[in-house]
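>>> Quick check, what structure comes out for this input:
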Amino acid sequence: MSGSDAYSVLSQTDLDSFRRVCDAIRHDVETQSTTAIPSDVIASLLTTGTLAYRAVAQEEKRALNVFAKDAEVTPTAVVVTVSAMLRAVDLNSFDLAMWFTGAPAGPSQ
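Numbering: from 1, shown residues only. Below you'll find the predicted structure:
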C-alpha cells in the first residue's frame, strides 16, 4: 500500500484519535506531568515528523508551518529538542551552521 493509499483508508475517527493523543501530550507538558507519556510515542512523532518535513520541504519545495498554529513553542524547547536530534545523528553546531542557510523558509518564519 502506497502512502497516498494509506490516507484513503484512514477514517476521520483515526485522525481524531491522533489529534486526541497530541492534545493529551500537550496537556501533560503544560501541567508538567510528563512521566506517563510513552517514550516510543515521542520518538515516533519526532521521527515521522522529521522525515515528512524533510521530504515535503526538499522534494516538493513546499513551504510548511513548522508548528501548529495554536502552539506556543519556546526557544528553549526548540534548542533542547534540536540539540538531542543533532547528537542522535552525530552532528554538531558547526554542521548545523553549514546546513542552516540552505533550508527553505517556511510560512512561520
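>>> Now do the SS call for A68.
Using DSSP: H, G, I helix; E, B strand; the rest coil, the structure places A68 in coil.
>>> Name the residues of the helix or strand where F18 lies that are buried.
Element membership for F18 (DSSP states H and E) is helix 12-30. Using 16 or more other CB atoms under 10 Å as the test for burial, helix 12-30 gives I25. C-beta: built from backbone N, CA, C; applies to glycine.
>>> mean confidence for it?
Mean pLDDT, helix 12-30: 91.
>>> Need the contact partners of it.
With CB atoms under 8 Å, 6 or more residues apart in numbering as the test, helix 12-30 has contacts from T34, A36, I37, V41, I42, L45.
>>> Could you export those residues as a markdown table, including neighbour count and secondary structure?
Formatted as a markdown table, these follow (neighbours: other CB atoms under 10 Å; DSSP: H, G, I helix; E, B strand; the rest coil):
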| residue | neighbour count | secondary structure |
| --- | --- | --- |
| T34 | 11 | helix |
| A36 | 8 | helix |
| I37 | 15 | coil |
| V41 | 13 | helix |
| I42 | 13 | helix |
| L45 | 15 | helix |
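>>> Going by distance to E59, which of those residues wins?
Using CB to CB, L45 comes nearest to E59 of those, at 21.0 Å.
>>> can you give me the helices for this structure?
In the chain, helices defined by DSSP state H lie at 3-9, 12-30, 39-54, 75-88, 93-100, listed in chain order.
>>> Would you format those helices as TSV with distance to A68 included?
Shown next, in TSV, are the helices of the chain (distance: least, CB to CB, whole Å):
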stretch	distance to A68
helix 3-9	19
helix 12-30	8
helix 39-54	11
helix 75-88	13
helix 93-100	23
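>>> Cool, thanks, signing off.
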